[in-house]
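Chemist: Predicted coordinates and the sequence they were generated for:
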Amino acid sequence: MQYVASFPTSKTDHLYALQKRLISKYVDGRERERE
């Protein structure tokens with residue numbers, strides 16, 4: 001995982017935030033379907 005460390009942290013944080021937003025949106029949709 002050496003190459004990950006060379007990435008700017010801002011870029012990694014942005015990707016992580018985007019991923020979290022997509023996951024929460026997906027989970028939110030699943031929750032609504034169950035109701």
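Modeler: Nice, thanks for sending it over.

Chemist: Low-confidence bits of the protein, can you list those?
Modeler: Where the chain drops to pLDDT under 70, the residues are 1-8.

Chemist: which stretches of it form helices?
Modeler: Ranges of helices within the chain are 2-6, 9-34, based on DSSP state H.

Chemist: Kindly compare burial across those helices and name the winner.
Modeler: helix 9-34 (a mean of 9; mean count of other Cβ atoms under 10 Å). Bear in mind the C-beta positions are built from the backbone N, C-alpha and C, glycine included.

Chemist: Show me how far stretch 18-35 is from its chain's centre.
Modeler: Its chain's C-alpha centre and that of stretch 18-35 lie 12 Å apart, by Cα atoms, centre = their mean, to the nearest Å.

Chemist: and if you look at stretch 17-25?
Modeler: Worked out by Cα atoms, centre = their mean, stretch 17-25 lies 4 Å from the chain centre.

Chemist: try stretch 15-35
Modeler: 10 Å.

Chemist: Can you show me the CA trace of it as CSV?
Modeler: C-alpha atoms of stretch 15-35 as CSV (Å, rounded to 0.1, in the frame of the first residue of the first chain):
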residue,chain,number,x,y,z
LEU,A,15,-12.9,9.8,-2.5
TYR,A,16,-13.7,8.4,1.0
ALA,A,17,-16.4,11.1,1.6
LEU,A,18,-17.9,10.4,-1.9
GLN,A,19,-17.9,6.6,-1.1
LYS,A,20,-19.6,7.2,2.3
ARG,A,21,-22.2,9.5,0.7
LEU,A,22,-23.0,6.8,-2.0
ILE,A,23,-23.3,4.1,0.7
SER,A,24,-25.5,6.1,3.0
LYS,A,25,-27.7,7.0,0.0
TYR,A,26,-28.0,3.3,-0.9
VAL,A,27,-28.8,2.3,2.6
ASP,A,28,-31.3,5.1,2.9
GLY,A,29,-33.1,3.8,-0.2
ARG,A,30,-33.2,0.3,1.2
GLU,A,31,-34.7,1.6,4.4
ARG,A,32,-37.5,3.4,2.5
GLU,A,33,-38.3,0.3,0.5
ARG,A,34,-38.9,-1.7,3.7
GLU,A,35,-41.5,0.7,5.1
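
Chemist: Identify the residues contacting it?
Modeler: Taking Cβ atoms under 8 Å, 6 or more residues apart in numbering as the criterion, no residue outside stretch 15-35 touches it.
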